[in-house]
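**Student:** Need the 3D shape of this:
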Amino acid sequence: MTAELDTSGLPRLPARDGAGHKGTFGTVAVIGGSCGGGTMMLGAPVLSARGALRSGAGLVKLVMPEPLLASGLSMLPSATGIVLPVDGGGEIVAHEAAGVVDRVLKQASCVVVGPGLGADQGLSRGVEATVLRVLQQDAVAVVVDADALTAMGRVPELWRDFHAPAILTPHPGEFRRLADSLGLTLDAIDKATRPSAAAELAQRLGCVVVLKGAGTIVSDGLRVWRCERGHACLGTAGTGDVLAGLLGGLIAQYYNHAQSAMRARLGSRVPAGAPPLLSLYDLARIAVEVHARCGEAWAAANAPAGLLAPELADLVPGELARLNEPRASASGSCVPAKGA
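**Tutor:** Got it, this is the predicted structure:
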């Protein structure tokens, strides 16, 4: 199947409810962090949580290994915490984590899974079980990032267990590991084949793919779009974690999986005048564009390099508002998806 070129502009986000409260604007759960194998990864889930809050999400829950959770909450006191149980070596206990994930899914509007969850070459069975538990359900939208993508690549016949409405956010290395496990061969680095590579992965798993890098590609398998904005200052630790949280926050606020599924069934019978629903694909495009504009804004105000990821997250509200102004226009463009 060949993905179509996307010539549409970015949609505007619906107006926020002027009488809304924190329960109105969705709950994002960020599952991440690790302290096993002699390596501690604390900052990534906190940065994702910060990105979600800066996008306007009402509530964010940090779901982290027990030894790290208090520190994570001290870094972001606006969040609340849920403990991921670990053994004496700091590794996630698979059977206990499953119950935690099930409880989280009942509370969340969106789950971001993967930031700092484990070193690429040292993922434990507990990490793999946690990620798989999130992907096997089909009621809550999921952003799959970082180490969760590596864990996916270790699941035999992944497509049989992948049911979640999901956005995957691989950089080229993560893409290659996952693509190899699925028998996909297109190059995610070559500018000419990146659109087709993203579309092929999206088609195989029935998800949205955000293939990160210069000229980030967004595809749902049917369409491909490339962001033309951004700055090299974004090439530093933690900026991808902020993007994952920004995606999660927008999904929590503006995506309703049950209503989207119902409208897909109704087709042309959707009542006239029904308010629009934003797809995961469109929300991914919006998040990528805002993220890129934040990088440009920081560089213009500061320097070509030296950006810290928390500073990037703190620019999100202003750039999101500017993108949503009536005269704002999309700067993304369409690119061919040959051989997808």
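**Student:** how about stretch 132-148: buried residues?
**Tutor:** 132-135, 140-148 (16 or more other CB atoms under 10 Å). The way it works is simple: take the backbone N, C-alpha and C, and place the C-beta from them, glycine included.
**Student:** So which of these is the closest to Gly318?
**Tutor:** Of all these, Val143 has the smallest distance to Gly318: 22.4 Å, by CB to CB.
**Student:** The residue lying closest to Pro85 once chain neighbours are set aside: how many residues sit nearby?
**Tutor:** In this structure, Pro85 finds its nearest non-sequential neighbour in Glu96, 4.2 Å apart by CB to CB, 6 or more residues apart in numbering. Residues near Glu96, counting by other CB atoms under 10 Å, number 16.
**Student:** contact partners of the lengthiest strand in the chain?
**Tutor:** Taking DSSP state E as the criterion, the chain has its longest strand at strand 59-65. By CB atoms under 8 Å, 6 or more residues apart in numbering, the residues outside strand 59-65 that reach it are 22-23, 25-36, 45-46, 49, 52-53, 69, 72-73, 76, 78-84, 86, 90, 92, 100, 104, 107-108, 245, 249.
**Student:** Which of those residues are buried? Put it as a PyMOL command.
**Tutor:** Selecting only the buried entries of these in PyMOL, with 16+ other CB under 10 Å as the criterion:
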select buried, resi 25+26+27+28+29+30+31+32+33+34+35+36+45+46+49+52+53+69+72+73+76+79+81+82+83+84+86+90+92+100+104+108+245+249
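**Student:** Please list the members of the buried residues of stretch 132-148 that lie in helices.
**Tutor:** Counting by DSSP state H, the buried residues of stretch 132-148 place 132-135, 147-148 in helices.
**Student:** quick one: which of these is nearest to Arg194?
**Tutor:** Looking across those and measuring by CB to CB, the closest to Arg194 is Ala148, at 21.4 Å.
**Student:** worst-scoring helix or strand of the protein, pLDDT-wise?
**Tutor:** helix 257-266 (a mean of 58; mean pLDDT, DSSP states H and E).
**Student:** Could you identify the helix or strand that succeeds that helix?
**Tutor:** helix 280-301 (DSSP states H and E).
**Student:** If you count neighbours, what's buried in that following helix?
**Tutor:** Buried residues in helix 280-301 (16+ other CB under 10 Å): 280-299.
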